[in-house]
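> below: sequence and its predicted model.
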Amino acid sequence: NPLQNLLFRPNILLTSVCVCVDSCQRGWRLLYILTAFHHCSEVLKPFLLKYLQQVFRSAGAPYQGIAKACEQNLRKTFRYGGRIVPPNSMELKAMMAGRSSKRQLFLFPGGIERHVKIKTCSVALEVTEELCYEMGLHRPEAMEEYAIFLVTNRGVLTDAQTAFLSNAD
């Protein structure tokens, strides 16, 4: 889809030739958000992946970390379809400030609590696998026995939770 590529092209240009550090940083952060929500065309994909890999594999180059995160986001977006629910204003401000993860509380039976680092493109499957590894479960058959349930405040869902659940069908 040519419209998808129109989202990516200016950011690729901004991150590759911009000399203003602040603008370049914002370009990378915007590219991080774009790769979490949209996939580019199959034609642009190999070039975009190659560009991101060149940046994060260049020893001592600036923006290595965010380039790697963009590459991971893009791969997950192609694999899982990208995020459906847009970030709320608080998450968007955090991403534009360079913070792309949070620690999310997970409750287990018996009152056991675990915190997992959730990123912009984290998917439930990855979190389930991480929690299973922590419990010593490494076989895929054992992991299939577990799922993540959403705990609400007195049964009331937020708009974002409602949108997420309706899109999960």
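Done, it's in. Numbers count the residues shown, from 1 in each chain.
> strand partners (parallel or antiparallel) of the strand or helix carrying K117?
Using DSSP states H and E, K117 maps to strand 112-119. The partner list of strand 112-119 in its sheet, established with DSSP bridges, is strand 101-108 (antiparallel).
> buried residues, the partner strand. List them.
By 16 or more other C-beta atoms under 10 Å, the buried positions in strand 101-108 come out as F106. All C-beta atoms are positioned from the backbone trio N, CA, C, and that covers glycine.
> do stretch 68-78 as well
Applying 16+ other C-beta under 10 Å to stretch 68-78 flags A69, C70, E71, Q72, N73, L74, R75, K76, T77 as buried.
> returning to that earlier point: so which bits of the strand holding K117 are buried?
By neighbour count, with 16+ other C-beta under 10 Å as the criterion, the buried positions of strand 112-119 are V116, I118.
> same deal with stretch 16-29?
For stretch 16-29, burial by neighbour count (16+ other C-beta under 10 Å) applies to C24, Q25, R26, G27, W28, R29.
> C-alpha coordinates for that stretch, CSV please?
Extracted in CSV, the C-alpha atoms of stretch 16-29 (Å, rounded to 0.1, in the frame of the first residue of the first chain):
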residue,chain,number,x,y,z
SER,A,16,19.4,9.3,8.1
VAL,A,17,20.3,12.9,7.0
CYS,A,18,19.1,15.3,9.7
VAL,A,19,22.0,17.1,11.5
CYS,A,20,19.8,18.6,14.2
VAL,A,21,20.1,16.2,17.1
ASP,A,22,16.7,17.1,18.6
SER,A,23,14.9,16.6,15.2
CYS,A,24,16.7,13.4,14.6
GLN,A,25,15.8,12.1,18.0
ARG,A,26,12.1,13.0,17.4
GLY,A,27,12.3,11.3,14.0
TRP,A,28,13.6,8.1,15.6
ARG,A,29,10.9,8.2,18.3
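> state the phi and psi torsions of the residue nearest the centre of the chain.
If you average the C-alpha coordinates of the chain and look for the closest C-alpha using C-alpha atoms, centre = their mean, you land on C121, 1.8 Å from that point. Here the main-chain torsion angles of C121 (degrees, to the nearest 10) amount to phi -110, psi 20.
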